[in-house]
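Trainee: 3D, please:
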Amino acid sequence: MHPALATALRRIAAREGCDRSALPPLYDAVDPEALTAVLESNGNVSVRFAYGDYRIELGPDPDEVTVINGAQ
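Mentor: Below you'll find the model as predicted:
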């Protein structure tokens, strides 16, 4: 799993007050392997996707992780 994805899931788990393993499967929202391939293929790529009640924005820097409540 890409480090940015792991960071996003840790932040969501913290907001939900649960362990990361208690969250719904990531693959219900996005293909984690395909997303990792995209993030690692180009240093200037940014991605956004909905995960449950959250909107996640990753990149282009691996440390750029935004988790926003209220996915639209």
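Trainee: buried stuff in the helix or strand of the chain with the lowest mean pLDDT?
Mentor: Lowest on mean pLDDT, DSSP states H and E among the helices and strands of the chain sits helix 32-41, with a mean of 89. Under the neighbour-count criterion of 16 or more other C-beta atoms under 10 Å, helix 32-41 has 32, 35, 39 buried. In this view, the C-beta of every residue, glycine as well, is placed from N, C-alpha and C.
Trainee: Which residues does that helix contact?
Mentor: With contacts defined as C-beta atoms under 8 Å, 6 or more residues apart in numbering, helix 32-41 is touched by 1-2, 4-5, 26, 45, 47, 49, 58-59, 62.
Trainee: Now, these that are in strands?
Mentor: 47, 49, 58 (DSSP state E).
Trainee: okay, now the second one: neighbour count?
Mentor: So that's residue 49. 15 (other C-beta atoms under 10 Å).
Trainee: Next: the first one.
Mentor: Residue 47 is surrounded by 16 other residues when neighbours are defined as other C-beta under 10 Å.
Trainee: Quick check: it touching residue 59?
Mentor: Yes. At 6.2 Å, residue 47 and residue 59 qualify as touching, with contact defined as C-beta atoms under 8 Å.
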